[in-house]
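Student: quick one, what's the 3D model for this:
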Amino acid sequence: MRTTILMPWTTDWKNLYAQEESLLTAILSDQLVSIHHIGSTSVPAIGFAKPIIDILVIVKQIDRVEAYTEQFARIHYVARGENGIPGRRYFIKGGDDRTHHLHIYEAGHICIAQHLNFKSYLSHHPQAAEQYGQLKCQLAHLLPDQPAAYAAGKADFCAELMDQAMEWASRTAND
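Tutor: Numbering: from 1, shown residues only. So this is what the prediction gives:
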C-alpha cells in the first residue's frame with residue numbers, strides 16, 4: 001500500500017534529477033526538445049516533498065515515444081500510457097515506492113506551460129511556496145495512508161496557485 005511520506009527539501013533531489021536527465025537525454029536524443037525538473041522536489045522554498053523526482057520531457061512527436069518504452073524499461077521506468085491526461089505519456093520508476101515520475105508531452109501541449117509556470121511562480125513567490133509546503137505537511141499528517149485523499153486535499157489550493165501562476169507568467173511575459 002502506498003503511503004504519503006514527506007521529507008525536508010534536500011539538494012540530493014537536484015543530483016537525482018541530473019542523473020536521470022543524462023539517461024533520458026541519451027535515450028531521447030533525436031526527439032528531445034527539452035527536459036525539466038518539476039514538482040515539489042524542484043522548489044526548495046516549499047520545504048517538504050514526497051521524495052519523488054518529477055521530470056517533464058518535451059518531445060517533437062508524442063506518437064514516437066512508444067518506440068522508447070523498451071529503453072525506458074532498461075532504466076526501470078514502467079509505461080502507464082496517458083494515465084488520465086490526453087496527449088501525455090507517463091512513466092513511473094520504483095513501483096509502490098516510487099522514486100521518479102516521468103511526464104512526456106509534445107511541444108506546444110498546454111500542460112507544459114502549466115508545469116513550468118507553476119514551478120517558476122513558486123520559485124519567485126517563496127511565501128506561497130511555504131504555504132503550499134505547510135498544507136502538504138498537514139495533509140500528510142492527517143492522511144498518511146490515503147494518497148488519493150491527500151491529493152484531493154491539495155486540489156483547490158493547487159488550482160488557485162495554478163491560476164495565479166498562469167496570470168503571473170502572462171504579466172511577466174509582457175513586461
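
Student: distance check, the residue nearest to S120 when sequence neighbours are not counted against H141.
Tutor: Counting by CB to CB, 6 or more residues apart in numbering, S120 lies nearest to A169, which is 6.8 Å off, once chain neighbours are set aside. All C-beta atoms are positioned from the backbone trio N, CA, C, and that covers glycine. Distance of A169 to H141, computed by CB to CB, to the nearest Å: 32 Å.

Student: repeat for L135
Tutor: To H141, L135 is 11 Å away according to CB to CB.

Student: who has more neighbours, those two?
Tutor: A side-by-side neighbour count of L135 and H141, using other CB atoms under 10 Å, places L135 first with 16 against 10.

Student: from the contact counts, what lies against the helix or strand that contains the residue nearest to S120?
Tutor: Taking DSSP states H and E as the criterion, the element that holds A169 is helix 147-173. Where contact means 3 or more CB pairs under 8 Å, 6 or more residues apart in numbering; DSSP states H and E, helix 147-173 is packed against helix 110-124, helix 126-142.

Student: which of these sits closest to A155?
Tutor: helix 126-142 (10.6 Å; CB to CB).

Student: CA atoms of that closest one as CSV?
Tutor: Included here for helix 126-142 are C-alpha records, laid out as CSV according to Å, rounded to 0.1, in the frame of the first residue of the first chain:
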residue,chain,number,x,y,z
PRO,A,126,8.5,31.9,-1.5
GLN,A,127,5.6,32.8,0.8
ALA,A,128,3.2,30.9,-1.5
ALA,A,129,5.6,28.0,-1.7
GLU,A,130,5.9,27.9,2.1
GLN,A,131,2.1,27.9,2.4
TYR,A,132,1.9,25.0,0.0
GLY,A,133,4.5,23.1,2.0
GLN,A,134,2.6,23.7,5.2
LEU,A,135,-0.6,22.4,3.6
LYS,A,136,1.2,19.3,2.3
CYS,A,137,2.6,18.6,5.8
GLN,A,138,-0.9,19.0,7.4
LEU,A,139,-2.5,16.6,4.9
ALA,A,140,0.3,14.1,5.1
HIS,A,141,0.0,14.0,8.9
LEU,A,142,-3.8,13.6,8.7
